[in-house]
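Student: make a model of this:
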Amino acid sequence: MGGPDYVTGVNNIQYTAQFGNGVSATIGLDDPTVFSRTSVLNLGVGATPAAPVFQAVGIQATAVGANAYGGTHVPDIVGNVRVDQAWGLFQIAGALHNVTASYNSVNVGGAPNAFSEISGHPEDKWGGAVTAALQIKNIPTGAGDDLKFDATYAKGMTKAVVSTSGASPSFAMFGGTGRAGAYQSIGFGQTSDAVFLPGFLTGGLTGDLKLTEAWGIRGAYNHNWDPYWSTSLWGSYGQVHYNGDALDILSAKGQFCASFNFGKTLSTDYSCNPDFNFAQVGVVTRWTPVKNLTFSAEVGAFFLDQKFTGAATLTPAAPKPTAIYEFR
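Tutor: Alright, predicted model coming up:
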């Protein structure tokens, strides 16, 4: 993670111009529904069936709101400029992504109801992402060795940074705790492209989409021991941010926290902050005895740095019990 990933391919149409000497530029249209979307969170409903519509209750321990992404209105508009030569590669790429919500009034889980059409929906917003990538080939450590790096910033297109095979790659990790009365500790990160709190819950006009920001960096070093054996060391780091303040109901963070906190028993030292960071590090060794046949062994570690503090009585998904969990 830490950047975009189109490992299984994406439906697209594009035009590439070659300018000579390894310089090229591409512009195109991508299908956004798989590799460009996480969730648009309607914070006016819970994430699990436990409450009437219009009430932000019954929310999971590791989720908030309901995914209310609307249909695809326009494809992603993408492009890049790259230099690909014997020394390596340099590329700058970007994408424009349309973020759209379904309805203000949806059932728990995001399904529409009899009020959905007349309730309206927030206006679409444009987000996107930009990536810069560098590869340096044939470094002095050995023939064919190389270094790769990239850095990505996204707004309203979080999957350009937190890119996994999951439709909306959120995280939940449970562990031990030394806190008196707590059952376990919990850390979680909720990914989204945007959040909104419908206006009928706040006494104002329809809530607008508030785009989520994210950035990440990735890198890898590959060493070829001989024509048959190679080893790569890789790592990444990224952050996801909800803008504003936890006490500001007009901000993304304030609306997220109001939805998550509602109906929960919270400790006196509790604080809400849905921002989170993640990191990965690992090493993989490969053996290629013949062409097109490779055996590999890999070990890696994943780290989640979530920003909630204190403790709360939560109801995670089974088999976890309803209990007090410490945020760590």
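
Student: show me what residue 218 bridges to in the sheet.
Tutor: On the basis of DSSP bridges, residue 218 is bridged to residue 150, residue 236.

Student: sorry, that was for residue 302
Tutor: Going by DSSP bridges, residue 302 forms beta bridges with residue 280.

Student: got the contact list for stretch 7-25?
Tutor: With C-beta atoms under 8 Å, 6 or more residues apart in numbering as the test, stretch 7-25 has contacts from 26-31, 34-35, 78-85, 165. Yep, even glycine has a C-beta here, placed from its N, CA and C like the rest.

Student: which ones among those residues are found in strands?
Tutor: 26-30, 78-85 (DSSP state E).

Student: among these, the buried ones, what's the ChimeraX command?
Tutor: Selecting only the buried entries of the ones in strands among the contacts of stretch 7-25 in ChimeraX, with 16 or more other C-beta atoms under 10 Å as the criterion:
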select :28,30,78,80,81,82
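
Student: how about JSON lines for the ones in strands among the contacts of stretch 7-25, with pLDDT added?
Tutor: Output for the ones in strands among the contacts of stretch 7-25, formatted as JSON lines (pLDDT from 0 to 100):
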{"residue": "26", "pLDDT": "97"}
{"residue": "27", "pLDDT": "98"}
{"residue": "28", "pLDDT": "97"}
{"residue": "29", "pLDDT": "97"}
{"residue": "30", "pLDDT": "95"}
{"residue": "78", "pLDDT": "97"}
{"residue": "79", "pLDDT": "97"}
{"residue": "80", "pLDDT": "97"}
{"residue": "81", "pLDDT": "98"}
{"residue": "82", "pLDDT": "97"}
{"residue": "83", "pLDDT": "98"}
{"residue": "84", "pLDDT": "96"}
{"residue": "85", "pLDDT": "94"}
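
Student: check contacts around residue 129.
Tutor: 4, 94, 95, 97, 152, 153, 154, 155, 157, 160, 161.

Student: ok, residue 95 touching residue 36?
Tutor: Yes. Using C-beta atoms under 8 Å, residue 95 is in contact with residue 36, at 7.2 Å.

Student: with neighbour numbers in mind, choose between the two.
Tutor: A side-by-side neighbour count of residue 95 and residue 36, using other C-beta atoms under 10 Å, places residue 36 first with 30 against 22.

Student: rewinding a little: which of the ones in strands among the contacts of stretch 7-25 sit farthest apart?
Tutor: Within the ones in strands among the contacts of stretch 7-25, 29 and 85 form the most distant pair, 28.1 Å apart (C-beta to C-beta).

Student: got any residues that touch both of residue 95 and residue 36?
Tutor: What both residue 95 and residue 36 touch, as defined by C-beta under 8 Å, 6+ apart, is the set 30, 76, 157, 160.

Student: in strands only, show me those residues.
Tutor: 30, 76.

Student: can you put the contacts of residue 129 in JSON lines and add distance to residue 189?
Tutor: Below are those laid out as JSON lines (distance: C-beta to C-beta, whole Å):
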{"residue": "4", "distance to residue 189": "18"}
{"residue": "94", "distance to residue 189": "25"}
{"residue": "95", "distance to residue 189": "22"}
{"residue": "97", "distance to residue 189": "20"}
{"residue": "152", "distance to residue 189": "17"}
{"residue": "153", "distance to residue 189": "18"}
{"residue": "154", "distance to residue 189": "15"}
{"residue": "155", "distance to residue 189": "17"}
{"residue": "157", "distance to residue 189": "17"}
{"residue": "160", "distance to residue 189": "16"}
{"residue": "161", "distance to residue 189": "12"}
